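Engineer: I'd like to go over a predicted model; first the sequence, then the structure.
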Amino acid sequence: MTTHCAIELAGQKLWLLPDKAVYWPARKALLLADVHIGKAASYRALHQPVPRGTTEATLARLDTLLAEHDCEQLIVLGDFLHARTARAPATLARVQAWRERHPELSIVLIRGNHDRNAGDPPVELGIDVVDEPYVVGPFALQHEPKAHPALTVLSGHVHPVFVLRGRARQRLRLPCFLIDEKVSLLPAFGEFTGGWEIEPAGTSQVYLAGAGRVWPL
């Protein structure tokens, strides 16, 4: 059963994946945003009660996506590490073990606001770190959702979610993709990231991700 939602944007076919990522078949590239490795550990350092195991869960989901799709490149649209506390030896050891499972994978990180605070990932992880915009084909790949003068932007940063409202004040909050010819948003990929409620405007199209599938609103 097909669980992704295939769209065409800027003349390219893209697959919106239920696990909050985008697959670009023509480039054999997986795109995701806002991984926020080590965020839970950062909160625990402030004595906040937060769940454990979020880094392992995030990396396991990434393992699954790489196994399910023919990927030569992973492009992270910012905020790979959450903060300097994410550089704790135990956290980096988990990321290093994940990297060693995918030695041939090319990884590009577009610096986001949290990356600038956390610092670039250790060189041993073999991640190419660049500033935005990172231009690939017809797309300007960015962390910040700011329009590019000539290209279609794919971005992160916002952690978009959409709220479905039903009877008796029922609410269902789901991560979503916001697709637009000018600036599109990817949902946050990380396990412990929260979300910002959005409403589509103009020609923007919302695609909800949940229950193992993606569907247009």
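Structural biologist: Right, received. Where do you want to start?
Engineer: switch to C-alpha atoms for all contacts and neighbour counts from now on
Structural biologist: Fine.
Engineer: can you give me the neighbour number for the nearest residue to Gly190 once chain neighbours are set aside?
Structural biologist: Counting by CA to CA, 6 or more residues apart in numbering, the nearest residue to Gly190 once its immediate chain neighbours are dropped is Val35, at 4.2 Å. Here the number of neighbours of Val35 (other CA atoms under 10 Å) works out to 24.
Engineer: determine the three-state secondary structure at Val35.
Structural biologist: Per DSSP: H, G, I helix; E, B strand; the rest coil, the secondary structure class of Val35 is coil.
Engineer: tell me the contacts of it?
Structural biologist: When the contact criterion is CA atoms under 8 Å, 6 or more residues apart in numbering, the partners of Val35 are 58, 76, 78-82, 188-191, 193.
Engineer: what comes up buried for the longest strand along the chain?
Structural biologist: Ranked by residue count, the top strand of the chain under DSSP state E comes out as strand 171-179. Neighbour-count burial for strand 171-179, with 16 or more other CA atoms under 10 Å as criterion, is recorded at 174-179.
Engineer: of all pairs in these, which one is the farthest apart?
Structural biologist: Checking the buried residues of strand 171-179 against each other with CA to CA, the farthest-apart pair comes out as Leu174 and Ile179, at 15.6 Å.
Engineer: low-confidence regions, the chain specifically.
Structural biologist: Within the chain, the stretches with pLDDT under 70 are 1-2, 39-53, 82-87, 192-193.
Engineer: the longest helix in it is where?
Structural biologist: In the chain, with assignment by DSSP state H, the single longest helix is helix 54-68.
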